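Peer 1: Take a look and give me a structure for this.
(one chain, ligands or ions: 1)
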Amino acid sequence: MEKILITGAAGQLGTDLALYIQKRRPAARILLTDIRPEAPQDLADFRYQPLDVNDWPAFEQVLADFAPTEIYHLAALLSGTAEKNPELAWQLNVQTQKHLFDVCVQTLPGVKVFFPSSIAVFGPGAGKFARQQAYLDPTSMYGVTKVAGEQLGNYYHFKHGLDVRSLRFPGLISSKAMPGGGTTDYSVEIYHVAQQQDSYTCYLRDETPMPFLYMPDAMQAIEKLMAAPAPALTVRTSYNIHGFSATPKDFAASIAEAQGRPFELLSHPDFRQAIADSWPAELEDDAARKDWDWQPDFNLKAVTADMLVAVGEAKQTV
Ligand SMILES: NC(=O)c1ccc[n+]([C@@H]2O[C@H](COP(=O)([O-])OP(=O)(O)OC[C@H]3O[C@@H](n4cnc5c(N)ncnc54)[C@H](O)[C@@H]3O)[C@@H](O)[C@H]2O)c1
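Peer 2: Predicted coordinates:
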């Protein structure tokens, strides 16, 4: 019996992942958990349990009661929020993750653990085209916690045989849940604003290039990585995966083209500009392509076409 536990399941990634796994693996038992008292509307059909993963006895109880065969550990503070609360970011993104790995080693033999890393692990040392083995000198607290998380995963794999698997996600674009305080949030917000207005004010300079990934591609990446035979995996820190690179101006232009009317991009940079400037514009993802056949389906044009329809439909049903 496959038993799948998702932490931080009410967030942007968790919402899509829960629905995707339910569709792709109907026989699996799924338990969703999140610090939020109730599941979001989209997840109303799932078994849901409120859980603050920083409450270690409560987390241990859930692991003991449910005895998952796969864990998707998504509970984390994202870049914007982590910068404002570095202590909580370290506690949640590093210490609780290490505790989870310890409990897995001690009580859940054979369990597979997925956790998402991020392009925030890169800093100026990686350059604008970040290779898999790039030097990691993050300039944000979020990036520091993700480097530590990756290294813990690698260590627990080689030291204790724990089957930890991870992806370095770029900015994730999804029509279902709004993003939770990251530096790439504009790439989702802009599609919502475009439903009602003919301009969008971005917190980044209009020519700031960053890598992005559309949620359906993130889902197929997680699925392929988790299904790959363990010996095929040559990376136990976290795999680079790349969808497409774009600037805020590129997003606005692609919306204008798709809608057939002008859509203006205004820019008022805030503290997130410095974070974005320290990140790469593009990722080299050869290891993912070679080890488990990674290949994205969506470029910016395809994302815009899909997002404008999906966000528009969601607004009509509210
Ligand atoms: N969204 C992106 O663009 C992106 C990119 C790279 C990596 N990631 C990673 O993916 C994971 C999920 O991110 P997301 O985009 O869904 O973020 P999100 O903020 O939308 O979701 C995170 C969820 O964790 C929950 N949470 C926070 N503190 C918790 C706690 N103490 N106990 C239990 N739950 C708690 C929140 O309520 C939220 O629902 C994170 O590890 C994030 O670093 C996301």
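Peer 1: Now do the same contact list for the residue of the chain found nearest the ligand.
Peer 2: Using Cβ to the nearest ligand atom, the single residue of the chain nearest to the ligand is Gly11, 1.9 Å away. C-betas here are computed from N, CA, C, even on glycine. The contact partners of Gly11, taken as Cβ atoms under 8 Å, 6 or more residues apart in numbering, are Asp34, Leu74, Ala75, Ala177, Gly180.
Peer 1: how about the residues you listed in JSON lines, adding secondary structure and pLDDT?
Peer 2: Below are the contacts of Gly11 laid out as JSON lines (DSSP: H, G, I helix; E, B strand; the rest coil; pLDDT from 0 to 100):
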{"residue": "Asp34", "secondary structure": "strand", "pLDDT": "98"}
{"residue": "Leu74", "secondary structure": "coil", "pLDDT": "98"}
{"residue": "Ala75", "secondary structure": "coil", "pLDDT": "98"}
{"residue": "Ala177", "secondary structure": "coil", "pLDDT": "71"}
{"residue": "Gly180", "secondary structure": "coil", "pLDDT": "71"}
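Peer 1: Tell me which helix or strand Ser117 sits in.
Peer 2: strand 112-118 (DSSP states H and E).
Peer 1: which among the contacts of Gly11 gets closest to Asn299?
Peer 2: When these are ranked by distance to Asn299 (Cβ to Cβ), Ala177 comes first, at 22.5 Å.
Peer 1: In this structure that closest one contacts Ala39, no?
Peer 2: No. Using Cβ atoms under 8 Å, Ala177 makes no contact with Ala39, being 11.7 Å away.
Peer 1: Which residue of those two possesses the greater neighbour count?
Peer 2: Ala39 (22 against 19; other Cβ atoms under 10 Å).
Peer 1: ok, which residues in the protein are in contact with the ligand?
Peer 2: 7-8, 10-14, 34-36, 51-54, 74-76, 78, 92, 116, 118, 169, 171-172, 179-180, 182, 184 (Cβ under 6 Å from any ligand atom).
Peer 1: Swap in 5 Å and give it another go.
Peer 2: Contact residues, the chain versus the ligand (Cβ under 5 Å from any ligand atom): 8, 10-13, 34-35, 52-54, 74-76, 116, 118, 169, 171-172, 180.
Peer 1: Next one, pLDDT for Thr183 please.
Peer 2: Turning to Thr183, the model gives it a pLDDT of 87.
Peer 1: Would you agree Asp146 is in contact with Ser118?
Peer 2: No Asp there; residue 146 is Lys. Yes. Shown here, Lys146 and Ser118 form a contact pair, counting by Cβ under 8 Å, at 5.0 Å.
Peer 1: elements contacting the lengthiest helix in the chain?
Peer 2: Longest helix in the chain by number of residues, with DSSP state H as the criterion: helix 141-160. Helices and strands touching helix 141-160, by 3 or more Cβ pairs under 8 Å, 6 or more residues apart in numbering; DSSP states H and E, are helix 79-84, helix 86-90, helix 96-107, strand 112-118, strand 163-169.
Peer 1: circling back to that earlier point, among the residues of the chain next to the ligand, which ones are buried?
Peer 2: 8, 10-13, 34-35, 52-53, 74-76, 116, 118, 169, 171-172, 180 (16 or more other Cβ atoms under 10 Å).
Peer 1: can you count the residues close to the residue lying closest to Ala148 once chain neighbours are set aside?
Peer 2: Nearest residue to Ala148, sequence neighbours excluded (Cβ to Cβ, 6 or more residues apart in numbering): Val94, at 4.7 Å. Val94: 19 surrounding residues under other Cβ under 10 Å.
Peer 1: quick one: contacts for Val94?
Peer 2: Thr145, Ala148, Gly149, Leu152.
Peer 1: switch to 10 Å and redo it
Peer 2: Ala76, Val144, Thr145, Lys146, Val147, Ala148, Gly149, Gln151, Leu152 (Cβ atoms under 10 Å, 6 or more residues apart in numbering).
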